[in-house]
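Q: Whatever this is, show me its structure:
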Amino acid sequence: MEDTTYAYTTGSAEHVGTPTYRPRQMPDVPEDVDFLMEHLNDPNFDLKKPRSINSLALKAKEAEGFGPSDDAESQYESDRFSASRAESRNSTAIEFDDESPYPEVRAAVASIDDPSMPVNTFRMWFLGLFFTIAVSFTNQLFSLRYPSVFITGVVAQLLSLPMGKFLEYVLPKTRFNTFGYAWSFNPGPFSIKEHVCITVMANVVTLGAYATDVIITQKIFYGQQVSYGYQILLVLSTQIIGFSFGGLLRQFVVWPSSMIWPGALVNSALFNTLHRNFGKSERGHIPRERFFLIALACSFVWYWVPGLLFTALSVFNWACWIAPNNIVVNTLFGTSSGLGMGIFTFDWSMIGYLGSPLVTPWWSEANTIVGFIVMFWIVTPILYFTNAWDSAFLPITSTHVFDNTANRYDPRAIVTPEGLFDEAAYAAYSPALMPTSLAIAYGVLFTAFVSTFVHTYLWFRRDIVRRFRSSLKDERDVHSRLMLQYPEVPHWWFGILFVICFVVLLVTVSVFPTQLPAWAAFIGVLLSAIFALPLTMLQAITNQTVPIQIMYEIIAGYMLPGRPVANMIFKAIGSVGTSQAVTFSGDMKLGHYMKIPPRLMYKIQLVAAFVSCIVVIFVQDWMLNNIEDICTPTQADGFVCPSSNTFATSSLIFGGIGPHRLFSPGAPYSPLLWFFGIGGLLPIPFYFLARRYPLSFWRYVNIPVCFGGLGAMPPANGINYASWAAVGFIFNFVVRRYRFRWWMRYNYILSAALDAGVVLAMFVIFFAITYPTTIEIDWWGNE
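A: Prediction:
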C-alpha cells in the first residue's frame with residue numbers, strides 16, 4: 001500500500017515527502033494491532049523490552065538502504081505521552097510531523113482528510129435523531145429492569161452504516177436552493193463523517209439522564225408530586241451544564257496529541273474498518289456485516305428461553321435447588337437476597353449487566369473479579385455470620401436499608417411532606433440498619449475514591465504537570481494541523497451555554513420545593529468544575545472512570561443535614577457536571593480524530609442531549625403510570641428499579657439520617673472510615689513492586705480498578721460478576737491469545753450483536769406479550 005506525503009513547510013525548512021511502503025501483508029488485521037491492544041489501557045507499560053510497532057517502519061527504512069538506528073520511541077516509559085519528547089521528534093523511523101507520535105493513534109486513525117466530504121446532510125440528521133430517540137427510549141425503559149441491558153454506541157455505529165447506505169440508494173438526488181444555500185437529500189455516497197456524527201449523537205445519550213433518578217425517588221420513595229416543568233428544567237440544566245465544561249477544557253483534553261483517549265481509538269478503528277470493507281467480499285472468512293446479523297438473530301432467538309420460556313436459566317440457582325431450605329446455602333448462593341456464588345447463568349442480560357465482558361480488557365476484569373472475591377465472597381460472609389453491625393437477622397445483600405424489625409425502612413416515617421428530616425420521628429421509629437453487602441459497598445467506594453487519586457499521583461504526577469503547563473503550546477501533530485482548516489467553536493458559545501444552564505438551575509432549585517439553597521447549588525457547580533479537569537485527563541490517559549458520587553453525598557450530608565431531596569439534587573449537579581464533561585470531551589476527541597468540523601460537532605452534541613432529556617422524562621413518566629407495581633421487589637416483569645432504589649437509599653442515608661449519625665467517630669458504621677486509609681495506602685506497595693519488577697504481573701495490579709469496578713454492588717451480585725469475568729477470560733484472554741485474527745475481526749462485533757439481540761427480544765416480549773396480554777407460562781422452570 002502506497003502512502004504519499006506532500007510537501008509542506010515547518011519554520012524555514014521545506015520538507016518534500018516521498019512515497020513510502022508499509023510492509024503489512026494483511027490490511028484487514030494489521031500486524032501491530034496485537035502490540036497496540038495489549039497495552040492500550042496500560043499507559044505505564046515498559047516499552048523497552050516489547051517489540052515496538054516502529055520495527056515495521058525501521059525494516060522499511062533498512063530495505064531502502066538505511067541502516068539501523070536508535071529508536072527512542074521504544075525506550076520511553078511513563079513520559080511517552082508527553083508532547084515534548086525531543087528524542088521522539090528526532091527519531092529516524094517516523095516523521096512525527098506527518099504522523100501522531102503515539103502508536104495507538106497511528107494504528108487506529110487515518111492521517112488524511114477530505115474537507116469536501118459531505119457531513120452536514122439530511123441523512124445524518126435523520127439517522128442521528130432516529131438513534132437519539134431510539135437509544136434514549138430503549139435504555140430508559142430497561143434501566144428500571146433487573147436484569148437489564150443497554151444499547152451502546154457501538155450498536156448504533158454498526159446499524160447506522162447499512163441504513164445510511166440504504167438512504168444513499170433511495171433518496172432523490174435533486175438539488176435545492178434555500179436562501180442561497182444549495183442542498184440535497186442525497187448529496188452522494190454515504191460518508192464516514194456522516195457515520196461518525198450519527199454515532200456521536202447515539203454516544204451522547206447512551207447513559208440517559210442522571211437526574212431522572214432524583215425524580216423517580218421523589219415520586220416513589222418520598223411520595224412527592226412533581227410537575228413536568230420541574231422535571232424538564234432539572235434534567236436539562238444538570239445534563240447540559242457538563243457539556244459547557246467539556247468545551248471549556250478543549251485545550252487541555254482534546255487538542256493536545258498527548259490526550260489519546262483510548263475509547264475514541266476503538267471507535268476510530270471500527271469506523272475505518274467498516275468503511276474500508278463495506279460491501280466487499282472478504283476472502284477466507286465470513287464478512288463482518290453477515291456475522292453481525294447472524295449473531296444478532298441467534299441472540300434474539302435464544303433470549304426467549306431465559307427471558308420468557310425458562311426463566312430459571314437466567315439465575316440458575318443450582319445450589320439452592322439442591323438445598324432449598326438451607327439458610328446458609330441460600331445466603332451464599334441465592335441471587336435475590338444472597339451473594340450469587342452459583343456463578344452460572346445462560347442469560348446474556350445477566351452476563352452483560354456490568355457492561356459487555358468482550359469489550360473490557362482482561363487485565364481490568366481480573367483486577368475487578370479479584371477485588372470482588374476478596375470483598376464480597378470472603379470479607380462480607382465473615383462479617384455477616386459474625387453478626388457485625390447486628391446485621392445477621394437481615395438479608396446479606398439488598399439495595400434497601402431496614403428498620404429494627406427487619407422490614408424495609410419507611411422513609412416517609414422520618415421525612416416530612418416538605419422533604420425535611422424529622423429527628424423526633426426518627427428517634428421514635430428506628431435506626432437505619434444496612435445489609436452487610438451494602439455497608440461494604442460504601443466502604444469499597446471510599447477506598448476507590450481515595451486510591452484513584454493516590455494511584456494517579458504515583459504514576460502520572462509528572463505527566464499531568466507537564467500537560468497542564470504545555471497544553472496550550474502542545475505541538476500540532478498531523479490531526480491538529482488538518483483540523484486547522486475548520487472554524488473552531490468560540491469559547492463564548494460554551495460560556496453562554498453555561499450561563500443559561502446555571503441560571504435555569506438556580507431558578508429550578510429556588511422556585512420549586514427542593515430544599516436546596518442557591519448558594520449550595522453554586523458550590524455543587526464549582527466542585528463539578530474543579531473535578532472536571534483532573535478526572536477528564538485521567539479518563540483520556542487511562543480510560544478509567546472514578547466513582548465520585550458518594551463524595552458529593554457526604555459533602556451535602558454535612559453541609560445540608562436533614563435534607564434528602566437537596567442531597568440528591570446536589571449530587572446530581574456535581575456528579576453529572578463532571579461525568580458529562582468527560583463524555584462530551586471524549587466525543588469531541590473522536591470528532592477531532594475523524595476530522596468532523598467542530599461547530600457541527602457542537603450542534604449535534606447539544607441537539608442530541610436536549611432531545612434525549614425530553615424523551616427520557618416522558619418515557620419514565622409513562623412507565624410510572626402504566627407498569628403495575630413498578631419499583632417494588634415483587635414486580636412480575638423485573639421492573640424493580642435496582643439503581644433507583646440504591647439511589648434512594650443513599651439519599652436517605654446521607655441526606656436524611658445524615659453521615660454524622662452513621663459514619664462519624666462513635667457512630668454504628670464508623671469502622672468504614674478505615675477504608676479511606678486503606679485506599680490511601682494500598683496503591684503504594686504495588687507501585688514500588690511494579691517499578692522494581694517492571695515486566696512482572698505487578699504492573700497490571702490497579703487498586704482503583706479493583707475497588708472502583710465494584711460500584712454496581714448492590715444491586716448486582718456474584719452471578720453477574722463471576723459470569724462476566726468468566727466470559728471475559730474466554731474471549732479476551734484465551735481466544736485473543738490463541739485465535740487472535742478471529743478475535744480482531746469479530747470480537748467487538750459479536751459484543752454489539754449480543755447486546756442488540758437481547759434488547760430487541762426484551763422489547764418484543766414486553767410490548768407484544770407481557771404488557772398487552774395476561775399470558776403466563778406457569779411451570780416449575782418459571783417459579
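
Q: So which helix or strand of this structure has the lowest pLDDT on average?
A: Ranked by mean pLDDT, DSSP states H and E, the weakest helix or strand in the chain is helix 86-89, scoring a mean of 34.

Q: and Thr632, what is it in contact with?
A: Val640 (Cβ atoms under 8 Å, 6 or more residues apart in numbering). In this view, the C-beta of every residue, glycine as well, is placed from N, C-alpha and C.

Q: Where does it sit: helix, strand or coil?
A: The local conformation at Thr632, judged by DSSP: H, G, I helix; E, B strand; the rest coil, is coil.

Q: Any regions of the stretch 651-783 of the chain where pLDDT drops low?
A: Applying pLDDT under 70 to the stretch 651-783 of the chain flags residues 771, 774, 783.

Q: again with the stretch 201-350 of the chain
A: 262, 266, 277-282.

Q: and if you look at the stretch 401-550 of the chain?
A: 463-476, 538, 541-544, 546.

Q: could you pull out the helices for it?
A: Using DSSP state H, counting those that start in this stretch, the helices of the stretch 401-550 of the chain run over residues 423-429, 436-470, 478-483, 491-511, 518-542, 549-559.

Q: Export these as TSV, with columns for mean neighbour count and distance to Val254.
A: Shown next, in TSV, are these (neighbours: other Cβ atoms under 10 Å; distance: least, Cβ to Cβ, whole Å):
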stretch	mean neighbour count	distance to Val254
helix 423-429	13	48
helix 436-470	21	12
helix 478-483	19	10
helix 491-511	16	12
helix 518-542	20	9
helix 549-559	21	25
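
Q: Please identify which of those helices is closest to Phe190.
A: When these are ranked by proximity to Phe190, the top entry is helix 478-483, at 21.7 Å, counting by Cβ to Cβ.

Q: I'd like to know which elements the closest one is packed against.
A: Contacts defined by 3 or more Cβ pairs under 8 Å, 6 or more residues apart in numbering; DSSP states H and E place helix 478-483 against helix 564-593.

Q: what angle do the helix it packs on and helix 549-559 make?
A: Interaxial angle, helix 564-593 versus helix 549-559 (axes from the mean of the first three to the mean of the last three Cα atoms, to 10 degrees): 140 degrees.

Q: Now stretch 734-752: buried residues?
A: Under the neighbour-count criterion of 16 or more other Cβ atoms under 10 Å, stretch 734-752 has Val735, Arg736, Trp743, Met744, Arg745, Tyr746, Asn747, Tyr748, Ile749, Leu750, Ser751, Ala752 buried.

Q: Return the subset of the residues you listed lying in strands.
A: Applying DSSP state E to the buried residues of stretch 734-752, no entry is found in strands.

Q: nearest to Gly242, of the helices of the stretch 401-550 of the chain?
A: That would be helix 518-542 among those, by Cβ to Cβ, at 7.3 Å.

Q: and the gap between Gly718 and Thr360?
A: 18 Å (Cβ to Cβ, to the nearest Å).

Q: can you check Ser184 too?
A: According to Cβ to Cβ, Ser184 and Thr360 sit 42 Å apart.

Q: Who has more neighbours out of these two?
A: Per other Cβ atoms under 10 Å, whichever of Ser184 and Thr360 has more neighbours is Thr360, with 21 against 15.

Q: Torsion angles phi and psi at the more buried one?
A: phi -70, psi 130 (degrees, to the nearest 10).

Q: Surely it touches Phe731?
A: No - counting by Cβ atoms under 8 Å, Thr360 does not reach Phe731; the two are 10.2 Å apart.

Q: thought Asp390 was touching Pro431?
A: No - counting by Cβ under 8 Å, Asp390 sits too far from Pro431 to count as a contact (9.6 Å).

Q: which one of those two has more residues nearby?
A: Shown here are Asp390 and Pro431; by other Cβ under 10 Å, Pro431 has more neighbours (16 against 11).

Q: Tell me, how many residues neighbour the closest residue to that one other than its chain neighbours?
A: Distances taken as Cβ to Cβ, 6 or more residues apart in numbering place Asn404 nearest to Pro431, at 6.8 Å, with adjacent residues excluded. Applying other Cβ under 10 Å, we find 13 residues neighbouring Asn404.

Q: Ok, Gly340 next?
A: Using other Cβ under 10 Å, Gly340 has 25 neighbouring residues.

Q: quick one, what contacts it?
A: Gly340 neighbours (Cβ under 8 Å, 6+ apart): Phe333, Gly334, Asn717, Gly718, Ile719, Asn720, Tyr721, Ala722.

Q: Can you pick out the most distant pair from those?
A: Using Cβ to Cβ, the contacts of Gly340 span at most 15.0 Å, a distance reached by Gly334 and Tyr721.

Q: Give me the below-cutoff pLDDT ranges for the stretch 1-150 of the chain.
A: Within the stretch 1-150 of the chain, the stretches with pLDDT under 70 are 1-108, 146-149.

Q: do that again at 90, thanks
A: In the predicted model, the stretch 1-150 of the chain carries pLDDT under 90 at residues 1-122, 137-150.

Q: Correct me if wrong: Phe316 contacts Thr345.
A: Yes - between Phe316 and Thr345 there is a contact under Cβ under 8 Å: 5.4 Å.

Q: So Phe176: helix, strand or coil?
A: Once three-state DSSP is applied, Phe176 turns out strand.

Q: Apart from its chain neighbours, what residue comes closest to it?
A: Trp183 (5.6 Å).

Q: So Ala366 sits against Ala725, correct?
A: Yes - between Ala366 and Ala725 a contact is recorded at 7.5 Å, counting by Cβ under 8 Å.

Q: Give me the contact list for stretch 586-603.
A: Identification of contacts with stretch 586-603 by Cβ under 8 Å, 6+ apart yields 105, 108-109, 113, 115, 119-120, 192-193, 196-197, 200, 203-204, 246-247, 250, 253-255, 259, 261, 263-265, 267-268, 271, 479-480, 482-483, 486-489, 493, 539-540, 605.

Q: Quick one: end-to-end distance for that stretch.
A: Start-to-end span of stretch 586-603 (Cα to Cα, to the nearest Å) is 16 Å.
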